[in-house]
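Asks: test case, fold it:
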Amino acid sequence: MDKAKPLGPIPPGFTKIDGELAIGRRRASDLAAAGTPLFVYSRTMIEARVAKLRAVLPERIRIHYAIKANSFAPLLQAMCELVDGLDVASGGELAMARAAGADPARISFAGPGKRDEELRAAIEAGVTLNLESEHEARRARAIAERVGQTPRLAIRVNPDFDLRGSGMKMGGGARPFGVDAERVAALAREIIAAGCEWRGLHIFAGSQALDAEAVIAAQAATLDLAERLAGEIGAPLPALNLGGGFGIPYFPGDEPLDIDRVGAALAERCADLAETLADTELAIELGRWLVGEAGVYLTRIVDRKESRGEVFLVTDGGLHHQLAATGNFGTVVRRNYPLAIASHFAAEATEVASVVGCLCTPLDRLAERAAFPRAEAGDLVAVFCAGAYGASASPAAFLGHGPAAEILV
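Replies: Sure, this is the predicted structure:
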């Protein structure tokens, strides 16, 4: 067998039935009987993830779910029961959160470029607005005055540090996100003086980090910054969103984040907070870490072909549903995601093949020259780590193929 490129690690928790991949104790072929492509999300795995996090975090830390990771309605409804709050980043996501039954008082709204109608919807609903600029603060106050409501306002801070080793840096340097830390106190005092409901700070330094020490350092720096800003503001912080940044293993060589170490360090730090944070409601905001590994993308092979000595397994799915898996969602060097032939799960690899999608572009490649058991047209391919930034972050309208189906099992 020719030399193959390694695949990313398949998350723990998946089993096989009659040689097939099983998700939620159901065979892949049964799940896909109504058609492919299909996203399958395991509620049991999500529940276990949340329970694990609660077990290792200090009791005072609340868990928020960033719905940008996955906004599938049944999954959102489940998350409303499992977590303490939802974080949205658009008026559309706000509507989704409310339709899922979320209490508006448990919703926060971040993101640059909020339109007036989005600000109004949030204010009228009683949602906490994480302000991204002084101009946005003035607009929110003017809208609140027009509708006759007291706005619930927090400030998203652009810190002077980032999350070391993060996949996407959200803080440090010049950023479109948040108010520069040195300008936060003045804006907060203005908000308080205007009679708004002051809701504190949101500090998000980065995402997709697997290094526990980097996460611990960023959380410590966040708490230090919050203590300093509370002193400059001259008022306690009602709430502090510590951000998230917890990553999951996608690629060969990736190791899971040591969540026990992160929780222990956070507990130690929380036991020694300044007086200004003594009564502060603390939260972490996570998306992919909660739901990413609980999702599988199933796509069916429609053609097996050979070209100049290489095997290509052509599927009915592709980058229009799984942009990240094809290496086109911020990845600098393309590496293979966790992927398997679901119809022959855990069978011995006998050949090297590339798995490609149905789109007319060379970018549509789900796995490049990886080792698989022999697969034929009709077999199912499983792309793992598909519970986050799959359906919610892929160009489903590209070439007119449309969205994939989604189910929660």
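Asks: buried ones in stretch 394-402?
Replies: By 16 or more other Cβ atoms under 10 Å, the buried positions in stretch 394-402 come out as 394, 398, 401. Yep, even glycine has a C-beta here, placed from its N, CA and C like the rest.
Asks: what about the nearest residue to the first one once chain neighbours are set aside, neighbour count?
Replies: The shortest distance from residue 394 to any residue that is not its chain neighbour, by Cβ to Cβ, 6 or more residues apart in numbering, is 4.1 Å, and that residue is residue 323. Residue 323 has 21 neighbouring residues, counting by other Cβ atoms under 10 Å.
Asks: which SSE is immediately downstream of the longest helix that the chain contains?
Replies: What stands out as the longest helix in the chain, according to DSSP state H, is helix 212-233. Sequence order places strand 239-241 as the next helix or strand after helix 212-233, per DSSP states H and E.
Asks: mind listing what residue 87 touches?
Replies: 64, 65, 66, 67, 107, 108, 109, 110, 241, 285 (Cβ atoms under 8 Å, 6 or more residues apart in numbering).
Asks: just the ones of the buried residues of stretch 394-402 in strands?
Replies: Among those, no member falls in strands (DSSP state E).
Asks: format those residues as CSV; extra columns: distance to residue 72.
Replies: Shown next, in CSV, are the buried residues of stretch 394-402 (distance: Cβ to Cβ, whole Å):
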residue, distance to residue 72
394, 13
398, 20
401, 19
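Asks: if I look at the residue nearest to residue 394, how far off is residue 115?
Replies: Counting by Cβ to Cβ, to the nearest Å, the separation of residue 323 from residue 115 is 25 Å.
Asks: quick one: classify residue 75 as helix, strand or coil.
Replies: Following DSSP: H, G, I helix; E, B strand; the rest coil, we place residue 75 in the helix state.
Asks: please convert the buried residues of stretch 394-402 to JSON lines, extending it with distance to residue 264 and pLDDT.
Replies: Below are those laid out as JSON lines (distance: Cβ to Cβ, whole Å; pLDDT from 0 to 100):
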{"residue": "394", "distance to residue 264": "36", "pLDDT": "95"}
{"residue": "398", "distance to residue 264": "45", "pLDDT": "92"}
{"residue": "401", "distance to residue 264": "46", "pLDDT": "92"}
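Asks: now flag whichever of those is closest to residue 316.
Replies: For the buried residues of stretch 394-402, the residue nearest residue 316 by Cβ to Cβ is residue 401; the value is 8.5 Å.
Asks: right, and that closest one touches residue 360 too?
Replies: No - judged on Cβ atoms under 8 Å, residue 401 makes no contact with residue 360 at a distance of 10.6 Å.
Asks: neighbours around residue 122, how many?
Replies: Considering only other Cβ under 10 Å, residue 122 is surrounded by 26 other residues.
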